[in-house]
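# could you work out the structure for the sequence below:
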Amino acid sequence: QVQLVESGGGLVQAGDSLRLSCTTSGRTFSSYAMGWFRQVPGKEREFVAAISWSAGNTYYADSVKARFTISRDNAKNTVYLQMNSLKPEDTAVYYCAAKRMLRGAPLRADEYDYWGQGTQVTVSS
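Got it, this is the predicted structure:
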C-alpha cells in the first residue's frame, strides 16, 4: 500500500508561483511513476503533468507546458509541481497519483493505482 500526502496549495494572485509537494510512504517510491491531476467541481479530473520513476521522462498538458515543472527526489520520496505564472483557470484541487511502472508514466487518471487527498489551489484575478 502506498499513501500520498499533498501540500503547498493556497490562495495566490494571477502571475504568482506555488510549489506543490507530494510525499509518499513506502520504500519503493523509486519504482513508481508519479502524476499530478486537477479537478474543479462538475468536471472530470484533468491531467496536468507526469514523471517517470527515473525522472528521465516528463509529460505535460498543453495548458501548463512552459509554466509548470514536475520533478522528483527519490531520496525524499517526494514529487513536486512547480507552478509559475499562475492563471485563474488553474484554480482547482490538485491531486498526486502513483503507479508502479518502470518505463514512462501514464497520462490518464484511470491508469493510476494510488491517490492523495488533494490540495486546493486558488488563483485570483
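
# quick one: low-confidence parts of the chain?
Regions of the chain meeting the criterion pLDDT under 70 cover residues 27.

# does the residue nearest the centre of the chain have beta-bridge partners, and which?
The centroid of the chain falls nearest to Trp36 when counting by CA atoms, centre = their mean (2.3 Å). Beta-bridge partners for Trp36, by DSSP bridges, are Ala49, Cys96.

# so it touches Leu81, yeah?
Yes: the pair Trp36 / Leu81 is scored as a contact, 4.8 Å apart, by CB atoms under 8 Å. Glycine gets a C-beta too; all of them are placed from N, C-alpha and C.

# which neighbours do the two share?
Common neighbours of Trp36 and Leu81 are listed as Leu20, Cys22, Val48, Ala49, Ile70, Tyr94, Cys96 (criterion: CB atoms under 8 Å, 6 or more residues apart in numbering).
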